[in-house]
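Q: Next comes the sequence, and after it the predicted model I'd like to discuss.
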Amino acid sequence: MPRFVLLDRDGVINRRVVGGYVTCWEEFVFLPGALEGLRLLTEKNYYVIVVSNQAGVGKGLMTAADLQEITRKFVKEVDAHGGRIRSVYYCTHRAEDDCPCRKPRPGLLLKALAEHHFSFEDAFLIGDSESDLMAARAVGCPAIMVSNAPEPGFDKLPHAPQVTVPSLLAAAAFLPRFQTPARPRALDS
């Protein structure tokens, strides 16, 4: 039986644009270890589903067609490197739109569940922000955070992740050996 991994996009798969949005393919830059991590997850029989806020559409900075073109190209690149993304779910609304799909609310995760029929308790969400952690907690899904900050601070939150790692590759390597730790911890690799 396949296992499911829910991934945020910006900051986990590709470089986040500080104070902005990835609005075209030329701005989409895979993070170090992301393609290898996606290949490793695929090889280990994980179903990878992307769940990502993309308010650039709601703010008029890009169109839904622009977002779909970026998605088509990054999924194709992942495939070319041996990985596979099964589905991609976006919330394109702005924060002030109060959309139930916009993380930290769990709507995107619930949509993935309805279409793929898995258990949140047996899945993982890999993200890079507190809103990812809050969405995972709302549905009872264990979370892994990606951060290169020396002290990311996720372990001090009431809804701390299982572990904090420096890359998607490190998260993919961690998953098979996961055992519920007594306390959240950080991994160096």
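A: Nice, I can see it. Numbers count the residues shown, from 1 in each chain.

Q: Now name the helix or strand holding the residue nearest to residue 83 when sequence neighbours are not counted.
A: On the basis of C-beta to C-beta, 6 or more residues apart in numbering, the spatially nearest residue to residue 83 that is not a chain neighbour turns out to be residue 38, at 3.1 Å. Every C-beta, even on glycine, is put in place using the N, C-alpha and C of the backbone. Using DSSP states H and E, residue 38 falls within helix 34-43.

Q: Would you mind checking the average pLDDT for that helix?
A: Averaging pLDDT along helix 34-43 gives 97.

Q: Touching that helix from outside, list them.
A: When contacts are taken as C-beta atoms under 8 Å, 6 or more residues apart in numbering, the neighbours of helix 34-43 outside the stretch itself are 5, 12-14, 48, 77-78, 81-85, 167-173, 175.

Q: Just the ones of these in strands?
A: Among the contacts of helix 34-43, the members found in strands (DSSP state E) are 5, 48, 85.

Q: any idea of the angle the longest helix seen in the chain forms with helix 34-43?
A: Among the elements of type helix in the chain, defined by DSSP state H, the one spanning the most residues is helix 64-80. Compare the direction of helix 64-80 with that of helix 34-43 by axes from the mean of the first three to the mean of the last three C-alpha atoms, to 10 degrees and you get 70 degrees.

Q: what sits up against helix 64-80?
A: 13-14, 22-25, 28, 30, 35, 38, 54, 56-57, 84-85, 88, 90, 92.

Q: List the buried residues of the helix holding residue 38.
A: For helix 34-43, a neighbour-count test (16 or more other C-beta atoms under 10 Å) marks 34-42 as buried.

Q: Take those residues and write them to JSON lines, including distance to residue 103.
A: Conversion of the buried residues of helix 34-43 to JSON lines gives the following (distance: C-beta to C-beta, whole Å):
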{"residue": "34", "distance to residue 103": "19"}
{"residue": "35", "distance to residue 103": "24"}
{"residue": "36", "distance to residue 103": "25"}
{"residue": "37", "distance to residue 103": "21"}
{"residue": "38", "distance to residue 103": "20"}
{"residue": "39", "distance to residue 103": "26"}
{"residue": "40", "distance to residue 103": "25"}
{"residue": "41", "distance to residue 103": "21"}
{"residue": "42", "distance to residue 103": "24"}
